[in-house]
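Trainee: next comes the sequence, and after it the predicted model I'd like to discuss.
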There are 4 protein chains.
Amino acid sequence: MSTTNLHTPADPSAARRAQILDAATRVFAEKGFHRATIREIATVAGVADGTIYNYFANKSALLLGLLDRLNETEGRAAHFARAPEGGAAEFMRGYLAHRFATLTETGFDIFHVLLSELLVDRDLRDRWREQTLAPTFAIAESYLGGAMAGGALRPLDPALAARAMAGMSLGVLLLRLLGDPTLEERWEELPDTIAAILIHGLTPQDGLTPEGETADAPQR
Amino acid sequence: MSTTNLHTPADPSAARRAQILDAATRVFAEKGFHRATIREIATVAGVADGTIYNYFANKSALLLGLLDRLNETEGRAAHFARAPEGGAAEFMRGYLAHRFATLTETGFDIFHVLLSELLVDRDLRDRWREQTLAPTFAIAESYLGGAMAGGALRPLDPALAARAMAGMSLGVLLLRLLGDPTLEERWEELPDTIAAILIHGLTPQDGLTPEGETADAPQR
Amino acid sequence: MSTTNLHTPADPSAARRAQILDAATRVFAEKGFHRATIREIATVAGVADGTIYNYFANKSALLLGLLDRLNETEGRAAHFARAPEGGAAEFMRGYLAHRFATLTETGFDIFHVLLSELLVDRDLRDRWREQTLAPTFAIAESYLGGAMAGGALRPLDPALAARAMAGMSLGVLLLRLLGDPTLEERWEELPDTIAAILIHGLTPQDGLTPEGETADAPQR
Amino acid sequence: MSTTNLHTPADPSAARRAQILDAATRVFAEKGFHRATIREIATVAGVADGTIYNYFANKSALLLGLLDRLNETEGRAAHFARAPEGGAAEFMRGYLAHRFATLTETGFDIFHVLLSELLVDRDLRDRWREQTLAPTFAIAESYLGGAMAGGALRPLDPALAARAMAGMSLGVLLLRLLGDPTLEERWEELPDTIAAILIHGLTPQDGLTPEGETADAPQR
DNA sequence: AATGAATGAGTATTCATTCAT
DNA sequence: GATGAATGAATACTCATTCAT
């Protein structure tokens, strides 16, 4: 019990903060930021209204708290994603599997909340773009560019390819958050499907291309 | 009913409705649904606050009006997208090009507003899922299923493949709405890049697979 | 009824404003600015809370409204005070009588409210100093300076004499607002007493000065 | 109780009280009673919020503490003011000089705070009226009455004359607190000017009264 | 006695909605 | 149908006060 644990800190102040952020996540996810009230968050957190303001400057600061929390998780996740041993296809499958695993672990609520407010709050959006999006794409572009130059990947524009790849994961997440029942039921099958499409595309390969597919080869 | 024209309705009532929806789109896009006020929408529309309530039951009904308007556009667009003449790759490129074109034509604002509220308003979400999402995926799954059965596409799960495909488009749209500068600058290049990835994947094909990529072939 | 009346304007909007300011005066005077609530002012005014905000930007604007109203009254009063015919003593008695009369007419409440907040609100104070205090003293100093130069008044510093004179009126007003019962009972006798003191001082004049008072004559 | 020293009490408890009252004076003076917070007073005093409540029942009690403190000072000052040796004019000059000196010594802040709240807080006002105002006027009336009966002062109503005299000092104090720059700059000249006016009035005396001023003589 | 985290009552302000004109 | 003044419910935030440590 006395050993400090990163997830449940011994620091009672940090614990209180976490407790409030947990409540905020739940209430925001259910009602959205604006329809959520401080009163309800306080009730869910089991504290008084005023207590929240001992830990967060205002309602918006709760969102920033959620963003920080997400960035922490992502930061820790980055450690694992670093070693691209094996082929590019292998790497991509591993990366996606890991990505979806951390997503599931983090929980969908936090993405639900942040996405909806990122679309609406310019300050939050700017912050997120600098803190999360830009660094992520910087790494991804660099990796993709290297792999393309080395012939491990087809020569496309690394920046756009990175957006397309990230977009596919983000897009299915969004579709799920929007309530697509198929994605809710078969979420665990997605990483493999996405990996397959990203790696080989939707059309059959080999020399046995049907319907004049070879005519497409020298495209772009 | 008399000589109804969809673009410039002779019906003065429909014109007033459109005028209000235009204003709502602009104000919602700038401030988001909650921060937008009826007063400002009325001002922008050039009418009195109360007038809006002669055309819409309440503020939320403005969102439904936007959704309907979007569905109309999509519905008209569907006519063009239906004929899969030529190969699967050709079709996909054509479809994406058209998709992005209508998106650009419709304007990003309406998607911006609807997305953010879809994430937050359960009623709107349910309605959208039934009116827009479900029919779209029904068509897509049916088409993909047929093409896969006929060998024009690789045999994957049609439902998941449809989600992945749609997700990639939706995902890059979302990234753009979230302010990614690269996507803002190079938006016209995206359809081709996405088409290329969806058609052939990221890894090189041919027999000349580098780095033991062939070891990946018998995957899934 | 159709003839416009300055005190009860036909303009319904101005009437509503006045109605709210009346209520604010009463509630502020009773509770002080901070302890007064918008709700109570609205109730006393017979309107809804929100209605107040159709006429005043915020609670503080009610104070500014009171200040403006006072300045209007003072402005109108200035017309009467202008003609210093007769001797200086006569003028002073007339001025004080008029001053106290308008004070009584305006009502003590408005002074009560404004004084207490002037002591506490720097912005209000600055505004009042420029709009009311400075012009008043400018006129007073000029008049006193002239009368002193002409020998109608004893040669003192006009600026300080003006402060002393104004201070005596303001001071007894303050003592009354602070609840001195004597001043409440005998308020009408004050102008004459003050005039007498200001004109001749407290000590007996004539050659018949008792107790070596003449030794005081060449003072200052 | 042991060797209590009014200025630097050995009693640590009294020292703490004084320390808190000092802080309260400063914070009240800067922000006014309502805008001042217990937290800030505690910070300035160098104690915790809760500690204040070991010495004062509530926030209002701090005001009472200030009032008591002021009364102590006034009480001590009264000793000096009591002996009317010399003529009435001499006495008045001495009294005013002393009055202004103690005022300056005590500092304007405490008056600033007390005045503003006296206008607003009925309890404080009642207390001040009984503890401070009434006794002061009792002494003043008695003194003035005697001097008037003895011919040392002109025969006016002692009660009203006392109010007028006190009012002039209080009034210029108020004008200074309200930010009159002239009074801030030339504050030290005031006692003499006020004394001169109170003693001889504004109009010239002697037999050489200009402009028929003698016609005013038999007034009241 | 001292602390300061927790409390929760209290309030200015906003804004969707109504309805008399 | 159009208007816009009036409405009043809803809510973030403050801060005096308490009390367990």
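Mentor: Yep, it's here.
Trainee: tell me the angle the helix or strand containing residue A:163 makes with helix B:158-177.
Mentor: If you go by DSSP states H and E, residue A:163 is part of helix A:158-177. Angle, helix A:158-177 to helix B:158-177, by axes from the mean of the first three to the mean of the last three C-alpha atoms, to 10 degrees: 120 degrees.
Trainee: could you point out the helix or strand that follows helix A:158-177?
Mentor: helix A:181-185.
Trainee: point out the other helices and strands that that next one packs with.
Mentor: Helix A:181-185 makes packing contacts with helix A:158-177, helix B:158-177 when contacts are defined by 3 or more C-beta pairs under 8 Å, 6 or more residues apart in numbering or on different chains; DSSP states H and E. Bear in mind the C-beta positions are built from the backbone N, C-alpha and C, glycine included.
Trainee: state the mean pLDDT of that helix.
Mentor: For helix A:181-185, the mean pLDDT works out to 96.
Trainee: CA atoms only: put it into PDB for me.
Mentor: Output of helix A:181-185 as PDB, limited to C-alpha atoms (Å, rounded to 0.1, in the frame of the first residue of the first chain):
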ATOM      1  CA  PRO A 181     -23.900  -1.100 -34.000                       C
ATOM      2  CA  THR A 182     -21.700  -3.200 -36.300                       C
ATOM      3  CA  LEU A 183     -18.600  -1.500 -35.000                       C
ATOM      4  CA  GLU A 184     -19.700  -1.900 -31.400                       C
ATOM      5  CA  GLU A 185     -20.200  -5.700 -31.900                       C
END
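Trainee: who's in contact with that helix?
Mentor: With contacts defined as C-beta atoms under 8 Å, 6 or more residues apart in numbering or on different chains, helix A:181-185 is touched by A:172, A:175-176, A:190, B:137, B:159-160, B:163.
Trainee: low pLDDT regions in chain A?
Mentor: Chain A contains residues with pLDDT under 70 at A:1-10, A:75-86, A:205-220.
Trainee: work out which residue lies at the spatial centre of it.
Mentor: Nearest residue to the geometric centre of chain A (C-alpha atoms, centre = their mean): residue A:103, 6.0 Å.
Trainee: hang on, the earlier thing: can you put the helices and strands packed on helix A:181-185 in CSV and add distance to residue C:125?
Mentor: Below are the helices and strands packed on helix A:181-185 laid out as CSV (distance: least, C-beta to C-beta, whole Å):
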stretch, distance to residue C:125
helix A:158-177, 55
helix B:158-177, 49
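Trainee: count of residues packed around the residue in chain A that DNA strand E sits nearest to?
Mentor: Closest to DNA strand E within chain A is residue A:50: 1.6 Å, counting by C-beta to the nearest atom of the strand. Burial of residue A:50 is recorded as 9 neighbouring residues (other C-beta atoms under 10 Å in any protein chain shown).
Trainee: element containing it, please.
Mentor: Under the criterion DSSP H and E, the helix or strand holding residue A:50 is helix A:49-52.
Trainee: how about that helix against chain D, any contact?
Mentor: No. Taking C-beta under 8 Å from any C-beta of the partner chain as the criterion, helix A:49-52 and chain D are apart, separated by no less than 13.0 Å.
Trainee: now that helix, how far from the chain's geometric center?
Mentor: Using C-alpha atoms, centre = their mean, to the nearest Å, the mean C-alpha position of helix A:49-52 is found 30 Å from that of the whole chain.
Trainee: mind listing what's buried along that helix?
Mentor: In terms of neighbour count (16 or more other C-beta atoms under 10 Å in any protein chain shown), helix A:49-52 has its buried residues at residue A:52.
Trainee: got it, and stretch A:32-50?
Mentor: Quick answer for stretch A:32-50 (16+ other C-beta under 10 Å): A:32-34, A:36, A:38, A:40-42, A:44-45, A:47.
Trainee: number of residues surrounding residue A:27?
Mentor: Neighbours of residue A:27 using other C-beta under 10 Å come to 25.
Trainee: for it, what are its contacts?
Mentor: Residues in contact with residue A:27 (C-beta under 8 Å, 6+ apart) are A:36, A:40-41, A:44.
Trainee: if we can go back for a sec, state the distance from the residue nearest to the centre of chain A to residue A:70.
Mentor: Per C-beta to C-beta, to the nearest Å, residue A:103 is found 11 Å from residue A:70.
Trainee: got it, and residue A:89?
Mentor: According to C-beta to C-beta, residue A:89 and residue A:70 sit 29 Å apart.
Trainee: what's the answer for residue A:34, then?
Mentor: Residue A:34 sits at a distance of 20 Å from residue A:70 (criterion: C-beta to C-beta).
Trainee: longest helix in chain A, please.
Mentor: If each helix of chain A is counted by residues according to DSSP state H, the longest one is helix A:59-80.
Trainee: buried ones in it, by neighbour count?
Mentor: Going by neighbour count (16+ other C-beta under 10 Å), the buried part of helix A:59-80 is A:59, A:62-67, A:69-70, A:73-74, A:77.
Trainee: let's have these in TSV, adding distance to residue C:204.
Mentor: Formatted as TSV, these follow (distance: C-beta to C-beta, whole Å):
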residue	distance to residue C:204
A:59	73
A:62	77
A:63	79
A:64	78
A:65	79
A:66	83
A:67	83
A:69	86
A:70	88
A:73	92
A:74	93
A:77	97
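Trainee: is DNA strand F contacted by the helix holding residue A:50?
Mentor: Yes. Applying C-beta under 7 Å from any atom of the strand, one finds that helix A:49-52 is in contact with DNA strand F at A:49-50.
Trainee: which helices and strands sit right next to that helix?
Mentor: helix A:12-31, helix A:38-45.
Trainee: tabulate those helices (a markdown table), appending distance to DNA strand F.
Mentor: As requested, these are arranged in a markdown table below (distance: least, C-beta to the nearest atom of the strand, whole Å):
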| stretch | distance to DNA strand F |
| --- | --- |
| helix A:12-31 | 9 |
| helix A:38-45 | 4 |
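Trainee: do you know which of these lies nearest residue B:197?
Mentor: Closest approach to residue B:197 among these (C-beta to C-beta): helix A:12-31, 31.8 Å.
Trainee: quick one: buried residues of that closest one?
Mentor: Using 16+ other C-beta under 10 Å as the test for burial, helix A:12-31 gives A:16-21, A:23-31.
Trainee: what's the closest of those to residue B:99?
Mentor: The closest of the buried residues of helix A:12-31, once distances to residue B:99 are taken by C-beta to C-beta, is residue A:29, at 30.1 Å.
Trainee: ok, that closest one - contacts?
Mentor: Applying C-beta under 8 Å, 6+ apart, the residues near residue A:29 are A:108-110, A:112-113.
Trainee: just checking, residue A:108 touches residue A:179?
Mentor: No. Here residue A:108 lies out of contact with residue A:179, judged by C-beta atoms under 8 Å, at a distance of 11.3 Å.
Trainee: ok, which residues in chain A are in contact with DNA strand F?
Mentor: By the rule C-beta under 7 Å from any atom of the strand, the part of chain A lying against DNA strand F is A:35-39, A:49-50, A:53, A:58-60.
Trainee: contact partners for the closest residue to residue A:167 other than its chain neighbours?
Mentor: The shortest distance from residue A:167 to any non-neighbouring residue, by C-beta to C-beta, 6 or more residues apart in numbering or on different chains, is to residue B:171 (2.9 Å). Contacts for residue B:171 (C-beta under 8 Å, 6+ apart) come out as A:166-172, A:174.
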